[in-house]
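Colleague: Just need the structure, nothing else, for what follows:
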Amino acid sequence: MTTTFFLVRHAAHDDVGHCLAGRLKDIDLGTAGRSQAQHLAQRLAREPLAAILSSPRKRTLETAKPIAMSCGVKHISIRQELDEIDFGAWSGKTFEELNGDAAWRMWNDQRQSARTPGGETMQDTQERIIGLMDALRQQKPNRHVALISHADVIKAAVCKVLGLQLGECFRFDIEPASITTIVHGDWGSKLIRLNEVA
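Modeller: Residues are numbered from 1 along each chain as shown. The predicted structure is shown next:
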């Protein structure tokens with residue numbers, strides 16, 4: 001039994017690459033992001049999706065809705081396991097501001113062990129995304145499932161599949177509106193495609 005997962009990073013908001021959105025509420029997709037979401041919907045319409053699950057963030061839901069419409073999936077399940085890392089007080093700060101923060105630099109230099117101000121580690125993030133995938137494999141064997149989430153959450157899953165230390169997550173990119181495909185079975189997991197941009 002295998003389940004095919006399409007791990008989709010949300011499309012772009014207007015401040016992507018400029019500030020850390022984190023778990024801030026009401027971060028909408030920008031004009032480019034809405035277009036990206038439509039392209040994702042067209043791409044994923046070729047796949048027989050049995051379910052779409054999303055982070056509770058507005059930007060992920062705005063990415064998921066066109067996919068659901070295009071694929072004929074009537075319900076989007078909101079799952080906390082797909083939520084952005086809890087960055088606490090870092091949320092909303094520009095990357096220029098964060099680069100002056102020693103704790104931010106430690107988070108990036110020691111990603112395998114450092115904690116955010118919100119208390120979460122990359123290990124915590126990896127455990128929640130892999131735990132969800134394990135449960136879904138049991139619930140939806142031999143099906144295709146889209147998981148709409150965030151870059152670091154997807155990176156945590158990819159590191160697990162490839163046997164990489166979490167500190168090695170900077171060796172690959174997860175772009176906005178990208179699809180990373182993982183097949184997950186009793187025998188383990190395999191990365192099929194990384195960072196496919198629709």
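Colleague: Mind pulling the model confidence for E196?
Modeller: Per-residue pLDDT puts E196 at 97.
Colleague: The spatially most distant residue from the centre of the chain and R59, how far apart?
Modeller: Farthest-out residue of the chain from its mean C-alpha position, per Cα atoms, centre = their mean: G100, at 26.4 Å. Here G100 is placed at a distance of 26 Å from R59 (Cβ to Cβ, to the nearest Å). The C-beta positions use only the backbone N, C-alpha and C, and glycine is treated the same way.
Colleague: mind listing what's buried in the longest strand along the chain?
Modeller: Selection of the longest strand in the chain by residue count, based on DSSP state E, yields strand 188-197. Within strand 188-197, the residues scored as buried using 16 or more other Cβ atoms under 10 Å are 189, 194-195.
Colleague: I'd like to know which elements the longest helix seen in the chain is packed against.
Modeller: Of all the segments assigned as helix in the chain under DSSP state H, the longest by residue count is helix 122-139. If you count contacts as 3 or more Cβ pairs under 8 Å, 6 or more residues apart in numbering; DSSP states H and E, helix 122-139 packs onto strand 2-9, strand 49-54, strand 144-149, helix 151-162, strand 178-185.
Colleague: List the buried residues for whichever helix or strand comes after the first one?
Modeller: This means strand 2-9. Where DSSP states H and E defines the elements, the next helix or strand beyond strand 2-9 is helix 31-44. Buried residues in helix 31-44, defined by neighbour count with 16+ other Cβ under 10 Å: 33, 36-38, 40-41, 43-44.
Colleague: With distance to R137 and pLDDT added, can I get the residues you listed in a markdown table?
Modeller: A markdown table is the format used below for these (distance: Cβ to Cβ, whole Å; pLDDT from 0 to 100):
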| residue | distance to R137 | pLDDT |
| --- | --- | --- |
| G33 | 30 | 97 |
| Q36 | 28 | 98 |
| A37 | 27 | 98 |
| Q38 | 30 | 98 |
| L40 | 23 | 97 |
| A41 | 25 | 98 |
| R43 | 23 | 97 |
| L44 | 19 | 98 |
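Colleague: for those, which one is nearest M106?
Modeller: G33 (30.6 Å; Cβ to Cβ).
Colleague: Against I52, how distant is A41?
Modeller: Taking Cβ to Cβ, one finds A41 at 11 Å from I52.
Colleague: same thing with I154?
Modeller: From I154 to I52 the distance is 15 Å (Cβ to Cβ).
Colleague: so what's W107 up against?
Modeller: Counting by Cβ atoms under 8 Å, 6 or more residues apart in numbering, W107 touches 114-116.
Colleague: Neighbour-wise, which one of those leads?
Modeller: The most crowded member of these is T116, carrying 21 neighbours; neighbours defined as other Cβ atoms under 10 Å.
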